[in-house]
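*Asks:* prediction below, plus the sequence it came from.
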Amino acid sequence: MRGQCLCGAVAFEIDCERLKLYQCHCSLCRRQSGAACNAATIVPGERFRWLQGSNRTSSWAKPSGFRTDFCATCGSPVPNSLRGGAYQWVPAGLLEETTDAQVVAQLCWASRASWDVSTAPGLLHDAVPENFGAFINALL
């Protein structure tokens with residue numbers, strides 16, 4: 001499955017047959033996406049490959065650890081290494097083929113915007129799950 005930023009400078013592919021997505025409604029993800037929530041997935045690093053433009057990304061991080069990577073040309077959010085570990089965070093909106101994608105969880109549901117009237121497919125979590133490792137494994 002391939003994906004790219006808005007201008008096409010950054011491109012990647014992931015090796016997944018069926019994609020499990022989550023949506024996060026926290027204030028940081030709202031600001032990062034410009035929407036009620038972001039939609040993303042997490043994939044093992046060995047299933048992720050940059051096709052082009054990995055050197056054309058910029059990063060911004062809060063002291064708390066929240067990080068966003070984006071295309072330095074068009075500003076689209078782009079994949080990044082999740083907490084510097086063995087997984088890649090991948091924004092779902094960049095993917096070209098999402099026919100087998102399913103939203104399986106909603107994160108930070110309790111802190112969603114007052115105007116967010118989303119229907120909520122998947123499991124609802126009022127915050128980020130305490131056992132984040134188990135959450136990641138459920139996405140794989």
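*Replies:* Arrived safely, thanks for sending. Residues are numbered from 1 along each chain as shown.

*Asks:* every contact and neighbour count from this point should use C-alpha atoms.
*Replies:* OK.

*Asks:* do you know the pLDDT at the residue nearest in space to the middle of the chain?
*Replies:* The residue lying closest to the centre of the chain (CA atoms, centre = their mean) is residue 40, at 2.9 Å. The per-residue pLDDT reported for residue 40 equals 94.

*Asks:* over to the one 4 residues further on?
*Replies:* The model reports residue 44 with a pLDDT of 94.

*Asks:* same check, this time on the one 4 residues further on
*Replies:* The predicted local distance difference test score for residue 48 is 96.

*Asks:* and it, how many neighbours?
*Replies:* Applying other CA atoms under 10 Å, we find 21 residues neighbouring residue 48.

*Asks:* could you list every residue that touches the nearest residue to it once chain neighbours are set aside?
*Replies:* Excluding the flanking residues, the one nearest residue 48 by CA to CA, 6 or more residues apart in numbering is residue 14, at 4.6 Å. Residue 14 is in contact with 1, 2, 43, 47, 48, 49, counting by CA atoms under 8 Å, 6 or more residues apart in numbering.
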